[in-house]
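Q: Coordinates for the following, if possible.
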Amino acid sequence: MVTNLMTQRWALLTFILRSSLFFPFFSSSTEPAILNSTVVLLFTMTITLLQLVILLVCVTWSSTATKLFIGANWKCSIESVEDVDRQVEGLNEMWSSLDQAEKDAIELCINPPFVYLDRVRAKLHKEISVGSQNALDARGHSPDRRNTGATTMAMIRSVGSEWVLLGHSDRRNNLGEKDKLIATKVRAALDEGLGVTLTIGELKWQRNMGLALRTLRKQLGVAAAAVPEGKWESVVVAYEPVWAVGEGATPCSPEEAQRVNAALRKFIHDKVGPEAAKACRFTYTGSVNEINAAAYAALADVDGFVVGRAGLDPVKLKSIIQTLASS
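A: Here you go, the predicted model:
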């Protein structure tokens, strides 16, 4: 699991600074009175300077470290600009209330409908990312950007969106999007500089027939072939057991979620390479909420969540963020 390393590194470097390897005379029990004023001043300045250097190093490490990922997919749940503005206001208040360590640990991405992308990006806290719920057409192998009603990756990027959600079960199973079409979209998004949240998942009949991993590897494999070398840090794979989604469905157990995500990471390791498997974040999306988030956040191969209903409630979303950040 991706972890927040800033706090750990600060503690380690401060320990080294305080250790006898560097300053045998530096400890909480040292009495400044035993030193003359010049030595005390130089000593204090040296310690302050070194601590500032350590802080800068930690901030640099933190900014380059891969963060845990949470995507909040609004679907079509919000249908007016007034409700959008209220939702964004609640998200901004929620984000501002988090501790800095919690913010540093999480990359939060909000996925509103197309028509609200520009409005959400303009009003949402700049530390929160915005992503589209889809792009281009729903059918065919080579989406035609000239089709009436098509939304291109360049359009999405031009309004400030950083991510695009592709392969969601709604689009695979209700609208008939095929693996090759989704892979084409993945490549187009990455070429445009967007990050991709790639959703994959098996239906109940596929699981019952023992075809779960076979189905998932096929979906992931076709998309993986479209990812250019060195772009895997811009890819988030979201495992969505379709049979476990929705009210009344049987939840996917944390043990099963771990087994599947570990198998998916190994698949990328074997088919693409160890660096890709390390750079790519593997998340879970299957009716995650503030109550069950802890069980999934503790899993070794779960690097975050993509949430639906829980992402519409800033209080619940905050709880999920804090749970994941502390895992």
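
Q: Verify the contact between Val307 and Ser319 for me.
A: No: the criterion here is C-beta atoms under 8 Å, and Val307 misses it with Ser319 at 11.0 Å. (Each C-beta comes from the backbone N, C-alpha and C, glycine too.)

Q: Counting neighbours, go ahead and name the busier of the two.
A: Neighbour count, other C-beta atoms under 10 Å: between Val307 and Ser319, Val307 has more, with 25 against 18.

Q: list the contacts for that one?
A: By C-beta atoms under 8 Å, 6 or more residues apart in numbering, the contact set of Val307 is 70-73, 285, 288-289, 317, 320.

Q: Can you get me a residue count around the closest residue to Ile320 other than its chain neighbours?
A: Excluding the flanking residues, the one nearest Ile320 by C-beta to C-beta, 6 or more residues apart in numbering is Ala293, at 4.6 Å. If you count neighbours by other C-beta under 10 Å, Ala293 ends up with 23.

Q: can you check the one 10 residues further on too?
A: Residues lying near Asp303 (other C-beta under 10 Å) number 24.

Q: where does the stretch 101-250 of the chain have low pLDDT?
A: 140-142, 145, 247 (pLDDT under 70).

Q: which stretches of it form helices?
A: Taking DSSP state H, counting those that start in this stretch to define them, one finds helices in the stretch 101-250 of the chain at 117-123, 153-158, 169, 179-191, 204-208, 212-224.

Q: could you redo those as TSV and give each row mean neighbour count and distance to Gly246?
A: Conversion of the helices of the stretch 101-250 of the chain to TSV gives the following (neighbours: other C-beta atoms under 10 Å; distance: least, C-beta to C-beta, whole Å):
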stretch	mean neighbour count	distance to Gly246
helix 117-123	18	25
helix 153-158	18	28
helix 169	18	10
helix 179-191	21	22
helix 204-208	14	11
helix 212-224	19	18
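
Q: nearest to Ser326, of those helices?
A: helix 117-123 (27.5 Å; C-beta to C-beta).

Q: could you dump that closest one to PDB, C-alpha only?
A: Extracted in PDB, the C-alpha atoms of helix 117-123 (Å, rounded to 0.1, in the frame of the first residue of the first chain):
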ATOM      1  CA  LEU A 117     -16.700  20.500 -15.000                       C
ATOM      2  CA  ASP A 118     -15.800  24.100 -15.700                       C
ATOM      3  CA  ARG A 119     -18.000  25.500 -12.800                       C
ATOM      4  CA  VAL A 120     -16.700  22.900 -10.300                       C
ATOM      5  CA  ARG A 121     -13.000  23.600 -11.300                       C
ATOM      6  CA  ALA A 122     -13.500  27.300 -10.900                       C
ATOM      7  CA  LYS A 123     -15.100  27.100  -7.500                       C
END
